[in-house]
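J.: Prediction below, plus the sequence it came from.
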Amino acid sequence: MKKYFAELLGTMVLVLMGCGSAVFAGAGQPFAAVGTLGVAFAFGLSVVAMAYTIGKISGCHINPAITLGMLVANKISAKDAAGYIVFQVIGAVIGSAILFLLAQNSGSTTTLTGANGYTDLTQAFVAEAVFTFIFLLVVFGSTSKGAANNFAGLAIGLALVLIHIVCIPITGTSVNPARSIGPALFEGGAALSQLWLFIVAPSIGAILAAFTWKAIDTEPETGK
């Protein structure tokens, strides 16, 4: 249970800090102190911080897409994968609940939870699938045997920053089903009706990345 709880805490922090930056200081907000670039760094820095905090306990997936990719690549058991995903979603809901309470009187002009959304279905689906694919390749590569593993958290966090810089104008950037589920449950409306895309597209990207990495990795690891 320690690693499951670690995943809950890590995902809660990611949602609270990342989505919180969009709600309180993102582009278009009354106190737009950081803008789009700042939101991108908030998500990336949250991952970096959690990687070095809970990485030794759970590996710091804090993202069902990463867990799914690891399962397909035979780097985690089905039992642990299920536990990770359940607790990641719980953590995201808790983080969103805290953010929702904090944002009630914030004057936010767009969202109270940092929920994802899109206007063009095809564009959004392709973006979420492709960027998750790229993100998972970075995760696989930076944590693989022979890589500079001490810097894996930094590489993964910076990759997420890069992805957010490009993808925020398209979907608000998910590449993480839990990050989308929590905010959508509190936002409701369009966010909830569009939620399926932020579950399906990242999952497809993660699965494709797992197969791709298995094909190109020169030293595949054994399953756990």
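T.: That came through, no problem. Numbering: from 1, shown residues only.

J.: From here on, just use CA atoms for contacts and neighbour counts.
T.: Fine.

J.: top helix in this structure by residue count?
T.: Secondary structure of the chain per DSSP state H: the longest helix is helix 78-103.

J.: residues in contact with the residue nearest to the spatial centre of the chain?
T.: A centroid search over the chain (C-alpha atoms, centre = their mean) returns residue 176, at 3.5 Å, as the residue closest to the centre. Contacts here follow C-alpha atoms under 8 Å, 6 or more residues apart in numbering; on that basis residue 176 touches 63, 64, 65, 132, 198, 199, 202.

J.: for residue 94, same thing?
T.: 12, 182.

J.: now for the contacts of residue 176, which pair is the farthest apart?
T.: Farthest apart among these by C-alpha to C-alpha are 63 and 198. That separation is 12.0 Å.

J.: Neighbour count for these two, which is higher?
T.: Neighbours were counted for residue 63 and for residue 198 using other C-alpha atoms under 10 Å; residue 198 has more, 26 against 23.

J.: Between residue 63 and residue 198, which contacts overlap?
T.: 176, 177.

J.: the bottom helix or strand of the protein by mean pLDDT?
T.: Lowest mean confidence among the helices and strands of the chain (mean pLDDT, DSSP states H and E): helix 20-25, at a mean of 88.

J.: Name the next helix or strand downstream of that one, please.
T.: Going down the chain from helix 20-25, the next helix or strand is helix 35-58, by DSSP states H and E.

J.: Show me what that following helix is packed up against.
T.: Packing partners of helix 35-58 (3 or more C-alpha pairs under 8 Å, 6 or more residues apart in numbering; DSSP states H and E): helix 2-14, helix 20-25, helix 152-171.

J.: Only the C-alpha atoms, please, for the first one, written as CSV.
T.: Put plainly, it is helix 2-14. The C-alpha trace of helix 2-14 is given here as CSV (Å, rounded to 0.1, in the frame of the first residue of the first chain):
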residue,chain,number,x,y,z
LYS,A,2,2.9,2.4,0.5
LYS,A,3,3.6,2.7,-3.2
TYR,A,4,-0.1,3.1,-4.0
PHE,A,5,-0.4,5.9,-1.4
ALA,A,6,2.7,7.5,-2.8
GLU,A,7,1.0,7.5,-6.3
LEU,A,8,-2.0,9.1,-4.7
LEU,A,9,0.1,11.9,-3.1
GLY,A,10,2.1,12.5,-6.2
THR,A,11,-0.9,12.8,-8.5
MET,A,12,-2.7,15.1,-6.0
VAL,A,13,0.3,17.4,-6.0
LEU,A,14,0.6,17.4,-9.8
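
J.: Going by neighbour count, list what's buried in it.
T.: Neighbour counts using 16 or more other C-alpha atoms under 10 Å place 3, 4, 5, 6, 7, 8, 9, 10, 11, 12, 13, 14 of helix 2-14 among the buried residues.

J.: Same check on stretch 139-148?
T.: In stretch 139-148, counting by 16+ other C-alpha under 10 Å, buried: 139, 140, 141, 142, 143, 144.

J.: ok, now stretch 157-172?
T.: Using 16+ other C-alpha under 10 Å as the test for burial, stretch 157-172 gives 157-168, 170-172.

J.: Show me how far that stretch is from its chain's centre.
T.: The chain centroid and the centroid of stretch 157-172 are separated by 10 Å under C-alpha atoms, centre = their mean, to the nearest Å.
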